[in-house]
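Asks: Give me a model of this one.
(3 chains)
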Amino acid sequence: MFLNVFINRLKINLRNKEAIGWSLIFSLALGTLFYCAFNSIYENAKSTEVKVAVIESDESFANFNMTDMLKELEYEDGTKMLDITEADYDEAVKLLKASKDDENEIKGAIDLRDMEDIRLILPGEKQVESAAFRSSGGIEESVLASIVSVFRQYSAIIVETIKSNPANIENVMATFEDETNELVKSRSISGENKDPYVSYFYSLMTMMAMMAAMAGAAVVESGQANQSAAGARVDASPVSKGVYLIAGLLAAIVVQVSITLIGLCYLVYGLKINFGGDLAYVFITAVLATILGISLGFFVYQFTGISKKARENIVMTIIIGGGFLSGLMIANMKTIVEMHCPIVNRINPSAVITDAFYALNMYGVGDRYYKAMAYIVGLTIVFIVSGLIMSRRKSYASL
Amino acid sequence: MQVFKAFMKIVKSNKAGIILYFSICVLMTIMVASQYKDDNAAGGFSSLGASIIVNDSDKSELSKAVVKYLKSIHDVTEKKYSDDDVKDLIYSDYYIAYVDIPEGFMDKHMTDEALEIDTVIDTSRAAGNYVSLQLSSYIDGILRFENAGFSLEEAVKNTNEAVDTDSFIDLKETDSNEKTSNSKTYSLFLFLPYAIMSIILWCLLPAVLRFNVKDVKDRTIVSSISTSSRNIALFGGSALVSLIVYIGLVVFVSIFLKGDIFSTKWLLSIINMFIFTMVTGCMLIFIASFPTTSVLKAKDIIVNIIGLGFSFLGGIFVPLEVLGDGVKSVGKFLPTYWYAISLEKIESGAELADLTESFGMEALFGVVCLAAGLAISKLSIYIKDR
Amino acid sequence: MPNTVVEINNLVKRYKELIALDNFSLKINEGEVFGLLGPNGSGKTTTINCMLSLLAYDKGEIKLFGEKMTPNKREIKSKIGIVSQNVAVFDELTVYENVEYFCGLYIKDKKLRKQYVDEALEFVDIMDFKKFYPKKLSGGLLRRLNIACGIAHKPELIIFDEPTVAVDPQSRNKILEGIEELNKKGATIIYTSHYMEEVEQLCNHILIMDKGKKIAEGTSDELKGMIKNTESVVVNVRHLKDNAIEDIKKLHHVYDVKYMNNILTIKCSGGKHNITHVAEYFEQSNLDYDRIYSELPTLNDVFLEITGKELRDKE
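Replies: Numbers count the residues shown, from 1 in each chain, chains lettered A, B, ... in the order given. The predicted model follows:
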């Protein structure tokens, strides 16, 4: 009996080509699109060498070759800070005005002609956005400003020392060779893939998983007298309601999980999206999330007291509204919710699923991941068990 | 009138969708509006400012100088966070760096037991490195002045002078138009296409489809109501609902704009949005022309693919300049892209005459949808006749 | 004394203000073809749904096969087959798979199930379409598939809830013949309809209901015996004068005369040769008429006389 229901529900699910087709299109199309949109953003935001022209003076300043020092500057990860072109003032200005597509274009010119007043020449009226930090626009110029200010410090120290205590100049010059105490220690956030845009893919997977809710709803609809004519047949037959629903749920799970896996494989192997974290766990998370989605639909559709439309709306609100709050449209949303109303992130299934992916990436398999998974599995069990209890053989008030 | 009334009833039954998407729109608007600070001083160079968090446990002369320096460039929030929270905040790009100045920092800074300022950043990103570089060079400067025999007070003063960008940066006029910060009008209008597409498609698509179900359509056509009056009723109903949604959104957004309404920017923006609303209506006609039952079954997914897809590709959620060239070349075929382009032009002070191209491209998408939709409908009638 | 299969006592079902079943009772014996006749909305389907425990009711008692029926009585349910008013099949399953699926809810043994499914398909004569999907079937075939799904597991009690609605005459006859055959094989049948001809032809016990109440019950002849009318004489005649109608009313056994649209309907109660008496009157009065014939009372007349309205809307 179980097998009969399972096999036939499987056939029904598999032959519902529209639902399967659109679910796949959803993940493949949006996946590709996100890929196109976000693939290069993070790469662009990574530290790269800043192209700069240096206008040197003919005479050296207290045996201090600034250009060489500039050339040696590097970030902590070993990336060089500057890509230097030596030029005179006119050439530098010309390069500054070069068009954007010109590969000789420079971001600025450091004028070393007057060592007491080292200057930085930048193109245009530069004014950079200061609210949300999203783009890399303007960062090169700011890095240059920082570097130049350091060199101005050096020269200021020398100038001030010569003015106030010329005898000490040798000592001061000597300290330039020494390293000062490193008083600032930078730590990087951990995480395999630090690209924040990967969270859009977390959201996408989450939404895909939650969309499986409609398959869970269909199981209920097919088996209840007050929801479909075929349901009346099931209700009037001697088959155990529990057996029927569990078999139906299993069939839905097989089909929906397959859809999720196809989508995920496309993202991971087709588009080579780095989800971060252990891939096996990423897959497990996606599978369990899909089952949660199915159980959500299964649960909500048990509320036969409200209209079908209302049930549909509740499910869609949880999926879309929850997706929005977990960062489907604006990646920051989840953080904003976390800062103002963290409880929502603990309850919202979409947020928890997204967080599970995130935790895998940032912390690996650990407490935070297990916490998220416990909620996902727990909620699934609650939904399914209460769904089963609610659907126990009963007579309906109206059909 | 019968058709119109029935149509409106079906639309009304979808009000949950309107509420859902409108709430999303409300949240987004509040979010965008709250991010706005009207303090963009013009002229001169200012270093790139980022949102950073500082926790000053030292509260010394030195640490206060450091915080003051950071505040002069960045948007600083002073708060203590746990390690995990810091990771989340930096990962999600909400903040660029977390700077933790330990207690006793100043007392020991010239000794061998000097304490370190703990800075958490994403080291693979320029923005994080930049903050770290700034901070270390500033402190480095102070130390060097002190080593050279200056007092802390003098060292701070001299270092501040050295880092004062106004004193050493020259700006050379170039031809390339660098982007300046966006106005509130721009930001608030930017994401409206998502709301419009979602609300209109969500509410109207099922209603239009209901009338296109073969039996219902046939029954309506054979009744005394003529086909054209049926179509006019459906069209009128759709147009009316779209108009209401449009006005609702404009009014809502305008409330947040306060003084900026009735400016040229605002007027052009609402024209832009009006065009987009009409284009969405054409998209509706196009989608509704496909076989009814298969569209009805998948309407939720279709609405989501279009709403999210168009918004991402067209630069509604993520600004156009951030998106890769590949996206832009695809985006050029979408009305959302041209909506965003129009907004950008409006932002940079364009007049109506300057907008003909982008408005035209936006409208073109609608015309193509309309033509394709009508063609498919015609075609399907012929196929049925055979 | 035959076994009682269905016993309903004083059943009350309310939908908010509306009383769908008002102290309704019935009793069905084994081997009967029991007709439940009533206009649309009279409570036939509600009765069936309450009987199957699909629908909760407010008062009363329902016993099937001698036991009180509840939603969990699986042994009882396994003896029942339902053919619902609406076609209840899955579009995604073929004809064969649909029957197999629903039969599988009753019959565990795979081999036996296959045999039963084949027999059911043969019985409703849709074997040729077994690989078709329901969408490709005509209305009549779909109805037959609906029946196959309900009877494949060889139930002892089969409920047909208006199985012939919107069915072409050919399919309708086939369905009616099939039901007779099922009954011959031993199944007890409950047949609801608002088509009195079907019920008259098929059922050996008929219950007429209206507004949730039982109006009359018995065999077709018993029901007809309950009413005054025993024969209607119908005459197609033009331009009949009022005084002629008055004369006819005075004829022996005649108790009601109606003249509308050139058709004269004379209702008689008892007596023989009523048609001859009427014809004689016309000849004596030198009145021309086109046609004269006699009609025996139908269940519609029974219904009409008891409730004062037609059993079904004029079609």
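Asks: Show me the strands in chain A, by range?
Replies: Using DSSP state E, the strands of chain A run over A:50-55, A:82-87, A:108-111, A:119-123, A:184-188.
Asks: Can you tell me which of those strands is most buried?
Replies: strand A:108-111 (a mean of 25; mean count of other C-beta atoms under 10 Å in any protein chain shown). (Each C-beta comes from the backbone N, C-alpha and C, glycine too.)
Asks: strands paired with that one, and their directions?
Replies: With DSSP bridges as the test, strand A:108-111 is paired with strand A:50-55 (parallel), strand A:119-123 (antiparallel).
Asks: how distant is the last one from the center of its chain?
Replies: What it means is strand A:119-123. On the basis of C-alpha atoms, centre = their mean, to the nearest Å, strand A:119-123 sits 36 Å off its chain's mean C-alpha point.
Asks: Would you reformat the strands paired with strand A:108-111 as a markdown table and include distance to A:Ile158 and mean pLDDT?
Replies: Below are the strands paired with strand A:108-111 laid out as a markdown table (distance: least, C-beta to C-beta, whole Å; pLDDT from 0 to 100):
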| stretch | distance to A:Ile158 | mean pLDDT |
| --- | --- | --- |
| strand A:50-55 | 19 | 80 |
| strand A:119-123 | 17 | 75 |
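Asks: so can I have TSV of these showing distance to B:Asp140?
Replies: Output for the strands paired with strand A:108-111, formatted as TSV (distance: least, C-beta to C-beta, whole Å):
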stretch	distance to B:Asp140
strand A:50-55	20
strand A:119-123	18
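Asks: mind checking which of these is nearest A:Lys371?
Replies: Nearest to A:Lys371, of all the strands paired with strand A:108-111, is strand A:50-55, at 42.3 Å by C-beta to C-beta.
Asks: now what about that closest one, what contacts it?
Replies: Counting contacts by C-beta atoms under 8 Å, 6 or more residues apart in numbering or on different chains, the residues outside strand A:50-55 that touch it are A:66-67, A:70, A:81-89, A:91-92, A:95-96, A:105-113, A:140, A:143-144.
Asks: Up against chain C, what does chain A have?
Replies: With the criterion set to C-beta under 8 Å from any C-beta of the partner chain, chain A comes near chain C through A:1, A:4-5, A:8, A:11-13, A:15-16, A:222, A:225-226, A:228-230, A:232-240, A:244, A:393-399.
Asks: Intersect those residues with the contacts of chain B.
Replies: Checking these against chain B (C-beta under 8 Å from any C-beta), the matches are A:Asn16.
Asks: Out of the strands paired with strand A:108-111, which is closest to A:Arg346?
Replies: A:Arg346 lies closest to strand A:50-55 among these, at 43.0 Å (C-beta to C-beta).
Asks: Any idea how far that closest one is from the middle of the chain?
Replies: Relative to its chain's centre, strand A:50-55 lies at 34 Å (C-alpha atoms, centre = their mean).
Asks: Same check on stretch C:279-290?
Replies: How far stretch C:279-290 lies from its chain's middle: 40 Å, per C-alpha atoms, centre = their mean.
Asks: Okay, the residue of the stretch 151-300 of chain B found nearest chain C and chain A: tell me how far apart.
Replies: Relative to chain C, the nearest point of the stretch 151-300 of chain B is B:Thr293 (9.9 Å; C-beta to the nearest C-beta). Between B:Thr293 and chain A the distance is 8 Å, computed by C-beta to the nearest C-beta, to the nearest Å.
Asks: how deep is the spatially closest residue to that residue that is not a sequence neighbour tucked in, by neighbour count?
Replies: Of all residues not flanking B:Thr293 in the chain, B:Val213 sits nearest, at 7.5 Å (C-beta to C-beta, 6 or more residues apart in numbering or on different chains). When neighbours are defined as other C-beta atoms under 10 Å in any protein chain shown, B:Val213 has 13 of them.
Asks: what's near enough to touch B:Val213?
Replies: Contacts of B:Val213 by C-beta under 8 Å, 6+ apart are B:292-293, B:296.
Asks: Which of these are buried? Put it as a PyMOL command.
Replies: Buried members of the contacts of B:Val213, defined by 16 or more other C-beta atoms under 10 Å in any protein chain shown, are picked up in PyMOL with:
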select buried, chain B and resi 292+296
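Asks: Return the subset of the contacts of B:Val213 lying in helices.
Replies: Using DSSP state H, the subset of these located in helices is B:292-293, B:296.
Asks: what about the stretch 1-150 of chain B, any weak spots by pLDDT?
Replies: Within the stretch 1-150 of chain B, the stretches with pLDDT under 70 are B:35-49, B:93, B:124-126.
Asks: Helices of that one, start to end?
Replies: For the stretch 1-150 of chain B, the helices defined by DSSP state H, counting those that start in this stretch cover B:2-13, B:15-35, B:61-73, B:83-91, B:105-108, B:126-147.
Asks: mind listing what the residue of chain B most remote from its centre touches?
Replies: Within chain B, B:Gly149 marks the point farthest from the mean C-alpha position, 52.0 Å out by C-alpha atoms, centre = their mean. B:Gly149 makes contact with A:161, A:165, A:168 under the criterion C-beta under 8 Å, 6+ apart.
Asks: wait, which of these is closest to C:Thr219?
Replies: Distance to C:Thr219 across those (C-beta to C-beta) is lowest for A:Thr161, with 127.1 Å.
Asks: Looks like the closest one contacts A:Ala167 (just checking).
Replies: No - using C-beta atoms under 8 Å, A:Thr161 is not in contact with A:Ala167, being 9.3 Å away.
Asks: Compare the two and say which is more crowded by neighbours.
Replies: A:Thr161 (21 against 7).
Asks: Identify each buried residue in stretch C:126-145, please.
Replies: Residues of stretch C:126-145 classed as buried under the neighbour-count rule (16+ other C-beta under 10 Å) are C:126, C:129-130, C:133-134, C:137, C:140-145.
Asks: From the opening residue of that stretch to its closing one, how far?
Replies: End-to-end distance for stretch C:126-145, by C-alpha to C-alpha, to the nearest Å: 7 Å.
Asks: Report the distance from it to the chain centre.
Replies: Distance, centroid of stretch C:126-145 to centroid of chain: 24 Å (C-alpha atoms, centre = their mean).
Asks: State the number of residues packed around the closest residue to B:Glu78 other than its chain neighbours.
Replies: Spatial nearest neighbour of B:Glu78, chain neighbours left out: B:Val54 (5.4 Å); criterion: C-beta to C-beta, 6+ apart. By the measure other C-beta under 10 Å, the count of residues near B:Val54 is 23.
Asks: Can you pull up the most central residue in chain C?
Replies: Centroid-nearest residue in chain C, with C-alpha atoms, centre = their mean: C:Ser193, separated by 3.3 Å.
Asks: related to what we said a few turns ago, now the buried members of the residues of chain A next to chain C.
Replies: A:1, A:4-5, A:8, A:11-13, A:15-16, A:222, A:225-226, A:228, A:230, A:232-240, A:244, A:394-396, A:399.
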